[in-house]
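*Asks:* Return atomic coordinates for the entry below.
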Amino acid sequence: MKMTRFPLLILLFLAFLTSGCAKVSHLQELLCLKAYSEEKESQAVLVQKQNEHFERLLQAVKHGEIGKYPDQKSVWKNFGEPVFKTKVVVAETSYQVWLYRYTTKLFGSSKVYLYFDYSGKLKIYDHSPGGTMTPVIEVAHVKK
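*Replies:* You can find the predicted model right below:
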């Protein structure tokens with residue numbers, strides 16, 4: 001009986017030893033996959049947060065409350081970083097334009113363009129539902 005256990009123990013030991021080697025030999029790949037998975041989770045959280053900020057901005061625009069955020073600092077603080085920034089000239093006046101939209105919906109969704117003057121004050125906004133441009137509307141700043 002002792003002789004039959006010995007080959008079985010050797011076989012189990014070899015199986016355990018070789019399975020461990022497989023894990024060790026692919027450890028770098030396994031760690032890379034783990035990091036990729038964790039990165040995807042953090043990206044999903046970031047996308048959700050940015051979309052929530054955009055929803056709040058849309059509500060402010062739709063309810064005429066965008067004037068409560070009179071400058072770049074207050075807009076950034078309340079709605080986060082824009083998707084895109086550029087400089088444009090409209091009627092011989094230079095503006096910095098910030099574009100906000102849903103993070104993953106590139107086409108056919110609402111967009112909000114905020115126009116800031118050289119001192120960083122919000123002067124004009126444009127809400128383009130469905131991705132079509134609407135006339136630029138002057139901001140009516142709310143008095144505090």
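
*Asks:* pull the longest strand from the chain.
*Replies:* strand 93-101 (DSSP state E).

*Asks:* what comes up buried for that strand?
*Replies:* Neighbour-count burial for strand 93-101 flags Tyr95, Gln96, Val97, Trp98, Tyr100, Arg101 (criterion: 16 or more other C-beta atoms under 10 Å). For glycine as for every other residue, the C-beta is placed from the backbone atoms N, C-alpha and C.

*Asks:* ok so His127 is a helix residue?
*Replies:* No - counting by DSSP: H, G, I helix; E, B strand; the rest coil, His127 falls outside a helix, being strand.

*Asks:* for the chain, what spans make up the helices?
*Replies:* Assigned by DSSP state H, the chain shows helices spanning 2-25, 27-62, 72-79.

*Asks:* on contacts alone, who are the packing partners of the longest one?
*Replies:* Here helix 27-62 touches helix 72-79, strand 93-101, strand 111-116, strand 122-128, going by 3 or more C-beta pairs under 8 Å, 6 or more residues apart in numbering; DSSP states H and E.
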